[in-house]
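**Q** curious how this folds, go ahead:
(chains A, B, C and D)
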There are 2 protein chains.
Amino acid sequence: MRIVAERAGVAVSSVSRVLSGHEDVSSVMRNRVLDAVAAIGYERDLLAQSLRTGATYSVGFVAIDVANPVIALNAAGAESLFRDAGYGLLISSSGGDPDLDLHYLRHFEQRRVDGMILSLAHENNPDTLALLRQLSTPLALIDRTLPREIPASAVLHDHATGIDAAVADLAGRGHTRFALVNGAPHVRPSKERARALRRAVRAAGGEPVTVKARAYSAEHGYTTTMSFLAARPRPTVLFVGGNQILAGALRALAEEGVRIPEDMEVVTFDKVALSDFLRPPLGFVTRDPRGAGRLAAELLLEQFDGAEPRTVTVPTAYEPAPR
Amino acid sequence: MRIVAERAGVAVSSVSRVLSGHEDVSSVMRNRVLDAVAAIGYERDLLAQSLRTGATYSVGFVAIDVANPVIALNAAGAESLFRDAGYGLLISSSGGDPDLDLHYLRHFEQRRVDGMILSLAHENNPDTLALLRQLSTPLALIDRTLPREIPASAVLHDHATGIDAAVADLAGRGHTRFALVNGAPHVRPSKERARALRRAVRAAGGEPVTVKARAYSAEHGYTTTMSFLAARPRPTVLFVGGNQILAGALRALAEEGVRIPEDMEVVTFDKVALSDFLRPPLGFVTRDPRGAGRLAAELLLEQFDGAEPRTVTVPTAYEPAPR
DNA sequence: GTCAGTTCTGGAATCGTATCCAGTCCGTCG
DNA sequence: CGACGGACTGGATACGATTCCAGAACTGAC
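**A** As a prediction, this is how the structure comes out:
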């Protein structure tokens, strides 16, 4: 910048004013500076800029696993918006470990990110909450809830819509015994799914729903499905809390020779690529993860512009198994 | 830092020395400073540190689409290593557009990242190459090649091993007419796959292989598969260049009522989650994307430590379709 | 006791930018 | 004609760290 200033024969401060689009700059000045900039091929240093202004033009995404298709789509959706706004997106994978949640929160804080998108592994972890309470960084949650005193925007999925439709379909065809292999217990999607499913089945006159929550893992899917299959009477509808779990659940069903849909119907959460070609035929409760990511980015950008945090609810839908 | 210094009754420079693990620090000094740091809960500002030292502890990942399972696994693999080393990973999605490649390269350059992982959309684009030539940032490529004068580490997949095994299996069962729905033409995987498949089929005495390269998209998969199905004589083996393409290819095969494996056998590149439960039954040429990402990160960290760029080749394998 | 050599410490400069403040110049109005 | 306000500009300072340099204190050797 100093070199540009010398070449243009003006002060450094004037160069800065031109480049940051300040008001009070004569057009002569502007041209001289811009010419010098073009001649040298100068670009402002984002780092120095950040140090001075406090804005880093970067956002951190705290997630359970970026390799999970749903989260990857969240990230891609957010990224597409941030790109146009000049923001960089930093990713992370906690692997479901609340300590890593904490690690990344601190890491991003230390990086002075302008905002964070949060899909925490554990939304009730006291250490995490304590840290968040003393953080002044704008936040956007994706399907998570925090205590009211922590200000944050949120994109929430209305899991009930999809689940209600699914239960209506299945109960209408005579099913009464439902089970749910749920994901990690301390996050909103699991809580909401269990709640919504229980309510819907009760409303439809079914028997109390069996729910086992543990983790978003194939192993949990396998062992828990096995235990459901061993129960007498067996449930006739199995809800599966996501892709990772589904892999294990399908393996268990195949090993036990369960015929689908004759012996049991299976509904899973989230469609991923190629879901249409999975056998056995599955029902799906779907959402729009790319859209949710984009929305979270939008809510964050809003806050950067001074808006208050707000919550947006987006729907889920039911897609019955092909017959 | 000044506050810490005052509280400890020492100079700012001494605080810095203690915190950056400098040699010449007495243990008295160290303790006084560390006590003060603990008392205040002070953390160094990474931004100011970066401005002064030139190291940002961040790495940019230029990729075609972070939502693609293979690339998401690359990212996750790299991230897990970077986490321990204290680096942050910035992501991007070019969507196959070479201009966005360029955009992100510039963006990351401006961010002064310490290194970049590159899965470019187009490895021959002159503008991209020109930029890379004048860049001094350490690079690690994932299955891409650049002109020799651009120094870069690389993780290369040996596509031939998996393809050779596949062709040996299929040719051994009498197949002679092979076709390949290939991905984007200007990147190494597509080039290598076409080359390796042609060579393997020729070696096995089959007919010349038909290859159509266009993009990593379902649409390309659909239309190109349709055109292959219309050919007379039809190929009896279809190789599919990746998940996105596969979605379109399977749709085309289903619409045309092609029986698999009776009428045609299908081999696709990369197994993704739930691949085991796809119908029709598919053969796979597999690689380890998470491992590749981790390796790329390793090669980059090596360079940060002063090592020269180097190239590592990792194998692919063949998994025949279940029968 | 002196001197050289270590070991440790403090002060100042620096990284590259944004912004406050003061000052110049000019036009306008009364 | 003087005062005033507005439009620009330059210089200095700050953001928060690292690092160079010089000096203080101490050690050991002669």
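**Q** what's the helix or strand hosting A:Asp164 packed up against?
**A** Element membership for A:Asp164, per DSSP states H and E: helix A:159-172. Contacts defined by 3 or more Cβ pairs under 8 Å, 6 or more residues apart in numbering or on different chains; DSSP states H and E place helix A:159-172 against helix A:188-203, strand A:265-269, strand A:283-286, strand A:317-319. For the C-beta atoms, the positions are set from N, CA and C on the backbone; glycine is no exception.
**Q** burial count for A:Arg148?
**A** If you count neighbours by other Cβ atoms under 10 Å in any protein chain shown, A:Arg148 ends up with 7.
**Q** revised request: answer the last question for A:Leu81.
**A** If we define neighbours as other Cβ under 10 Å, then A:Leu81 has 18 of them.
**Q** do the same with A:Ala130
**A** A:Ala130: 11 surrounding residues under other Cβ under 10 Å.
**Q** that one belongs to a strand?
**A** No: counting by DSSP: H, G, I helix; E, B strand; the rest coil, A:Ala130 falls outside a strand, being helix.
**Q** where do the strands sit along chain A?
**A** For chain A, the strands defined by DSSP state E occupy A:58-62, A:88-91, A:115-118, A:139-142, A:153-158, A:178-182, A:210-213, A:237-240, A:265-269, A:283-286, A:311-315, A:317-319.
**Q** is stretch A:285-304 anywhere near chain B?
**A** Yes: using Cβ under 8 Å from any Cβ of the partner chain, stretch A:285-304 reaches chain B at A:Arg290.
**Q** which bits of chain A sit near DNA strand D?
**A** A:9-14, A:17, A:23-26, A:28-29, A:48, A:51-52 (Cβ under 7 Å from any atom of the strand).
**Q** center of chain A, which residue is that?
**A** By Cα atoms, centre = their mean, the mean C-alpha position of chain A lies nearest to A:Ile142, the distance being 4.3 Å.
**Q** could you give the bridge partners of that one?
**A** Beta-bridge partners of A:Ile142, counted by DSSP bridges, are A:Val155.
**Q** hmm, it is touching A:Met116, no?
**A** No: under the criterion of Cβ atoms under 8 Å, A:Ile142 makes no contact with A:Met116, lying 10.9 Å away.
**Q** any idea how far B:Asp270 is from the residue nearest to the centre of chain A?
**A** Per Cβ to Cβ, to the nearest Å, A:Ile142 is found 27 Å from B:Asp270.
**Q** next: A:Tyr42.
**A** In terms of Cβ to Cβ, A:Tyr42 sits 43 Å off from B:Asp270.
**Q** one step back: so how far is the helix holding A:Asp164 off the chain centroid?
**A** 24 Å (Cα atoms, centre = their mean, to the nearest Å).
**Q** please identify the buried residues of it?
**A** A:159-167, A:169-171 (16 or more other Cβ atoms under 10 Å in any protein chain shown).
**Q** ok, stretch A:29-49 next?
**A** Neighbour-count burial for stretch A:29-49 flags A:29-30, A:32-33, A:36-37, A:42, A:46-47, A:49 (criterion: 16+ other Cβ under 10 Å).
**Q** now swap in stretch A:126-136 and tell me
**A** Buried, per 16+ other Cβ under 10 Å, within stretch A:126-136: A:128-129, A:132, A:135.
**Q** do stretch A:215-230 as well
**A** Using 16+ other Cβ under 10 Å as the test for burial, stretch A:215-230 gives A:215-218, A:220-226, A:228-229.
**Q** report the two of these separated the most.
**A** A:Tyr216 and A:Leu229 (20.6 Å; Cβ to Cβ).
**Q** sorry, back to before: near chain B, which of the buried residues of stretch A:29-49 show up?
**A** A:46-47.
**Q** return the member of the buried residues of stretch A:29-49 nearest to DNA strand C.
**A** A:Gln49 (4.1 Å; Cβ to the nearest atom of the strand).
**Q** and the buried residues of stretch A:215-230, which is closest to DNA strand C?
**A** After measuring the buried residues of stretch A:215-230 against DNA strand C - Cβ to the nearest atom of the strand - the closest member comes out as A:Tyr216, at 43.0 Å.
**Q** tell me who's in contact with that closest one.
**A** Taking Cβ atoms under 8 Å, 6 or more residues apart in numbering or on different chains as the contact definition, A:Tyr216 lies against A:64-65, A:68, A:96, A:183-184, A:241-242, A:244-245.
**Q** ok, so what distance separates it from chain B?
**A** Distance of A:Tyr216 to chain B, given as Cβ to the nearest Cβ, to the nearest Å: 12 Å.
**Q** and A:Val70, by the same measure?
**A** For A:Val70 relative to chain B (Cβ to the nearest Cβ), the value is 10 Å.
**Q** kindly report the same for A:Gly77.
**A** 8 Å.
**Q** number of nearby residues for the residue in the stretch 51-200 of chain A that DNA strand D sits nearest to?
**A** Nearest residue of the stretch 51-200 of chain A to DNA strand D, counting by Cβ to the nearest atom of the strand: A:Arg52, 3.8 Å away. When neighbours are defined as other Cβ under 10 Å, A:Arg52 has 11 of them.
**Q** A:Arg290 too?
**A** 18.
**Q** so how far is B:Ala78 from it?
**A** A:Arg290 is 22 Å from B:Ala78, by Cβ to Cβ.
**Q** before we move on, what about A:Asp35?
**A** Relative to B:Ala78, and taking Cβ to Cβ, A:Asp35 is found at 42 Å.
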